[in-house]
Structures are given as structure tokens and as C-alpha cells.
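Participant: all I have is the shape, not the residue letters:
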């Protein structure tokens, strides 16, 4: 029995980018600074590696995931005399918000290549939006800083705007609707975390990883540029492999590489390929 399979052969029409580590805050350092300060204030210091493990998640869930890590859970019991519960998560989230807002404001610089990417998207009739694991209450200053740098995304979706954050597809799908995408195959989700890649895949979109500027390397721009070329190569390769293992259709070093990739995706779509 013949089964008709519809195939979209048009061009990319919507680009949905994560924020920290993808289009702003090279190295995605703002959340790490905030989480480490939050837990240090509770007498439970955490490492950079621990703070980065749940990255990409909605921030309340990020706190919950940190508290569930065996070493941190034990350190919490020693410091506080009991296992952390829902009340502790709520209290920590309340304390976290102002710390995160401050950290975001200090690290609101757009990642190199953003302006050129936006110019490419305008010329190619690709609408641009962002989504983020940050709560809506955290990003007012960040959006204002990006506007001053020439970036006014047509869609902004926060984890607190939907019922389920990453890896659920809801943020990406809400973005696609707001960008008036003709279908999910015409959408590209770009993220620097495994959970963000999974979000894009669950939404049925092209899911692209960003390696060097994001969580997978985790270094600010000045530190990255100071590294020997061999060390840069080692960290770049490790980050690429981690994002490919998460299911990314492709991985780039930074958003500066996206115009060329978007052009190649158009060619793949024209051949009948789909994500």
C-alpha cells in the first residue's frame, strides 16, 4: 500500500536561538557565577563543573538538580542538618533571582558574529527569536542591553512562559508560532547545551549545537583567546563531540558560522531532506 509522505522543500524561515552562551555571554558564565554564589551563601560551595551539569534547564529545576547530586546533597545535610526539600528549593530560587539578574547585567555583551548573522537573516527572509532557561523576571535588563547592541528578537520565550521547559519542545514550538513559521521543518533551533539540543529535536526542528562560545567549553572570550592553539583545539573537539552525541544535526564553533550553515540547510531541504 502506497503511503504519501509530505516533504517540505522550502527554505529556512525561522531561527530560534538560546541566549546565554549562544548569542550573548560568551562562555555562559552568568548562571555559573550566580549558582556558585547562591550555594556558597548557604555554606555549601559547589564547583564550576557541578554548577554546569544541569545547564539549559529552567532555573528552579536547575537548583533542584544540584541539590539532588549526591555530593551536594550530603554537604547540604551536614550544613543544615536535614535533606533539602521543596521549601528549600523555593527559598533558594527566591534568593537566586536577584543574584542572577546582577550576573546577567554584568555579562550582557553580544557574542561576536551576531550582527552579521542578523544581516544574513534579514536578507534571507529568516525571522529570528530567542528562548532561554531564564525566568521572565530575570531578562528585562538583558533584552534592553541587546537592544542597545542592535538585537531586537521578534520572539522571546522564557522557561517560565510554558508548562515544561527543556528538554520539552514547548519553548521552541511557542517560538515557531510567534515567528509564523510555515512548519517545524523550516525552523532551526540553536543551543549550547545537550538539553537544548534535545528540545529542538523534540520539536521536530533542525537542532544545531554551538561549541566554543557556550557551556561545553565554558570560558569567557578573553580566557579563550589566551589559550594556546593546541588547547583550543582539544576543548573545541571535546565540545563538538559532546553536542553531536546529544543528537545535534550539526555543530558550529559560534553563531558567526551560522550564515553558511543556514545556506547549506536550504540546499538539504531543497533535496527533500528533513530534520
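Facilitator: Everything's here; your move. Bear in mind that the values here come from a model prediction, so they are computed numbers and not experimental data. Numbering: from 1, shown residues only.

Participant: only C-alpha atoms for contact and neighbour calcs from this point on.
Facilitator: Fine.

Participant: dump the residue contacts of residue 112.
Facilitator: With contact taken as Cα atoms under 8 Å, 6 or more residues apart in numbering, residue 112 is in contact with 255-256.

Participant: measure it to residue 199 for me?
Facilitator: For residue 112, the distance to residue 199 equals 25 Å [Cα to Cα, to the nearest Å].

Participant: those strands in the stretch 1-150 of the chain, which residues are they?
Facilitator: Ranges of strands in the stretch 1-150 of the chain, per DSSP state E, counting those that start in this stretch, are 14-18, 127-132.

Participant: can you give me the distance of residue 176 to residue 161?
Facilitator: Counting by Cα to Cα, the gap from residue 176 to residue 161 is 14 Å.

Participant: neighbour count: the two, which is higher?
Facilitator: residue 176 (28 against 14; other Cα atoms under 10 Å).

Participant: three-state assignment of that one?
Facilitator: Three-state assignment for residue 176 (DSSP: H, G, I helix; E, B strand; the rest coil): helix.

Participant: test my guess that it contacts residue 184.
Facilitator: Yes: at 7.2 Å, residue 176 and residue 184 qualify as touching, with contact defined as Cα atoms under 8 Å.

Participant: deepest of the strands of the stretch 1-150 of the chain, which one?
Facilitator: Counting by mean count of other Cα atoms under 10 Å, strand 14-18 has the highest mean neighbour count of the strands of the stretch 1-150 of the chain, with a mean of 26.

Participant: residues making contact with that one?
Facilitator: With contact meaning Cα under 8 Å, 6+ apart, strand 14-18 is reached by 23, 126-132, 172, 175-176, 179, 181, 186-192, 196.

Participant: repeat that for 6 Å
Facilitator: 126-132, 187-191 (Cα atoms under 6 Å, 6 or more residues apart in numbering).

Participant: before we move on, back to that, of the strands of the stretch 1-150 of the chain, which is nearest residue 215?
Facilitator: Nearest of these to residue 215, taken as Cα to Cα: strand 14-18 at 11.5 Å.

Participant: strands paired with that closest one, and their directions?
Facilitator: Here strand 14-18 has these sheet partners by DSSP bridges: strand 127-132 (parallel), strand 187-191 (parallel).

Participant: model confidence over the first one, on average?
Facilitator: Strand 127-132 comes out with an average pLDDT of 97.

Participant: now what about it, what contacts it?
Facilitator: For strand 127-132, the surrounding residues in contact (Cα under 6 Å, 6+ apart) are 14-19, 153-158.

Participant: what's the burial count for residue 97?
Facilitator: Neighbours around residue 97, by other Cα under 10 Å: 19.

Participant: and the gap between it and residue 51?
Facilitator: Taking Cα to Cα, one finds residue 97 at 16 Å from residue 51.

Participant: what ranges in this protein fall below the confidence cut-off?
Facilitator: Within the chain, the stretches with pLDDT under 70 are 1-4.

Participant: between the contacts of strand 127-132, which is nearest residue 62?
Facilitator: residue 158 (14.4 Å).

Participant: now for that closest one: which residues touch it?
Facilitator: When contacts are counted by Cα under 6 Å, 6+ apart, residue 158 touches 131-132, 135-136.

Participant: mind running it again at 8 Å?
Facilitator: Neighbours of residue 158 in contact, by Cα under 8 Å, 6+ apart: 131-136, 171.

Participant: now do residue 142
Facilitator: With contacts defined as Cα under 8 Å, 6+ apart, the neighbours of residue 142 are 104-105, 108.

Participant: pipe these into CSV and attach neighbour count per row.
Facilitator: Shown next, in CSV, are the contacts of residue 142 (neighbours: other Cα atoms under 10 Å):
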residue, neighbour count
104, 25
105, 19
108, 22
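
Participant: quick check, residue 174 in contact with residue 156.
Facilitator: No: using Cα under 8 Å, residue 174 is not in contact with residue 156; the gap is 9.3 Å.
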